[in-house]
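**Student:** predicted model, plus sequence, below.
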Amino acid sequence: MSFSILDYVNASPSSSSIGSVDAFLKEIRFPNPIDTYIEHSRSLLSYGTPDRLSNNPHLGGLLLLGSVSAAEAYFRSVLSSTLEACPICREVAAEKQINLGGVLWHGHAEFRRSAFEHLSFSSKEELVKATKGYLRFELKTSVFEAPLMQYDIACHLRHGIVHNGGVLPGRNAVRIQAKSYSNPVRIAVDFALLQRTVEAVDTLVLTFNRELFGEMCKRWAVDWRQREDWDVSTEDKTFKKLWDVFVCKELNRTRVGRSRLSRSHCLSQIRDTYNL
C-alpha cells in the first residue's frame, strides 16, 4: 500500500453534506418573551440531572451555553417588543440601522425582530448599551450591578465553550479574575455549577423584566400622556400590550396571592400611584 504525504496525518475523509437547511427548521409559536425564556431555562435544568452530567463531561457546558443563549433571545425579543409598544423608544431608535436581511426574512409584520439581530447580548456592556441607546432605559447600578456581574461571568465561560472547545481563553480568564494555572484549564460544569449559573442568569432576566415593566408603566401613566400622539381613548388597549409583553404566566401560576396578580389590579395600582 502506498501513501501520499497527506495520508501520514490522517485518512482522507468521506464526502458528506448537511443536506437541506429546511430539514433543520421547525415553525413554532412563542409565548411572550419572559415565558419563552422560563420554559427554555426550566427545560435545561430538568435535563441536566446529576447522572447525565457525570456521564458526559461536555453536557454541562452545552447546557450553560443554552442558558446564556436563552437570555440573549429574551433580551432581543423583549427589546423589540418594547420598541414597538413605546413611542419614546421609537423616537430614540429612529436613526438606528437594521439589517436588510432580517427585514426580508421576518417580513413587514415582524420586521422589528431584526432590530437587534446584529447585536450580541453575551456581555453586560452590550446589554447596557442597547437598552440606553434604543429604549432610553438606564440599568441602575443599585439594582443591576450584582446581576450583571454574575451574568458576565456566565458569558465569559460561554465564550470558552463556544469558541475554544471548552478551554478557558486567557482574556476571559483575566476578565473573571480566575487564578493562574500552569496548564490550560477546561471549563468543567457539574450539577452544582449548572444550577448556580442558570440561577444567576435567571436573576438578571427576571430583574430586567420587572424593572423595564415598571419603567413602561411610568411612561404609560406620565410620559406618553404628555405627547402629541397620545390617544386617551386607547389607553386600556395600550396598557394591555405592555401587560402581554411582560407578565410571566408560567411563574405566576404558583405564586402566593396569585388571584390578585391580574391586569385590573395592576392597572388600579398604577392609577393610584400616579394619581390618574
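**Tutor:** Good, I have the coordinates.
**Student:** what pLDDT does the model give residue 111?
**Tutor:** If you check residue 111, the pLDDT there is 58.
**Student:** same question for the one 4 residues further on.
**Tutor:** Reading off the confidence values, residue 115 has pLDDT 66.
**Student:** pretty sure residue 251 is in contact with residue 37, am I right?
**Tutor:** No. Using Cβ atoms under 8 Å as the test, residue 251 is too far from residue 37 to be in contact (10.5 Å). All C-beta spots, glycine's among them, are computed from the backbone N, C-alpha and C.
**Student:** higher neighbour count, these two?
**Tutor:** Shown here are residue 251 and residue 37; by other Cβ atoms under 10 Å, residue 37 has more neighbours (28 against 16).
**Student:** list the contacts of the more buried one.
**Tutor:** Contacts for residue 37 (Cβ atoms under 8 Å, 6 or more residues apart in numbering) come out as 70-71, 73-74, 205.
**Student:** the same query, at a cut-off of 10 Å, please.
**Tutor:** 30-31, 67, 70-75, 77-78, 201-202, 205-206, 209, 248, 250 (Cβ atoms under 10 Å, 6 or more residues apart in numbering).
**Student:** picking that back up, okay, and the common contacts of residue 251 and residue 37?
**Tutor:** By Cβ under 10 Å, 6+ apart, the residues touching both residue 251 and residue 37 are 202, 206.
**Student:** and residue 146, helix, strand or coil?
**Tutor:** What DSSP: H, G, I helix; E, B strand; the rest coil gives for residue 146 is helix.
**Student:** next up, the contacts around it.
**Tutor:** Contacts of residue 146 (Cβ under 10 Å, 6+ apart): 200, 203-204, 207.
**Student:** could you turn the buried ones of these into a ChimeraX selection?
**Tutor:** In ChimeraX, a selection of the buried entries from these looks like this (16 or more other Cβ atoms under 10 Å):
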select :200,204,207
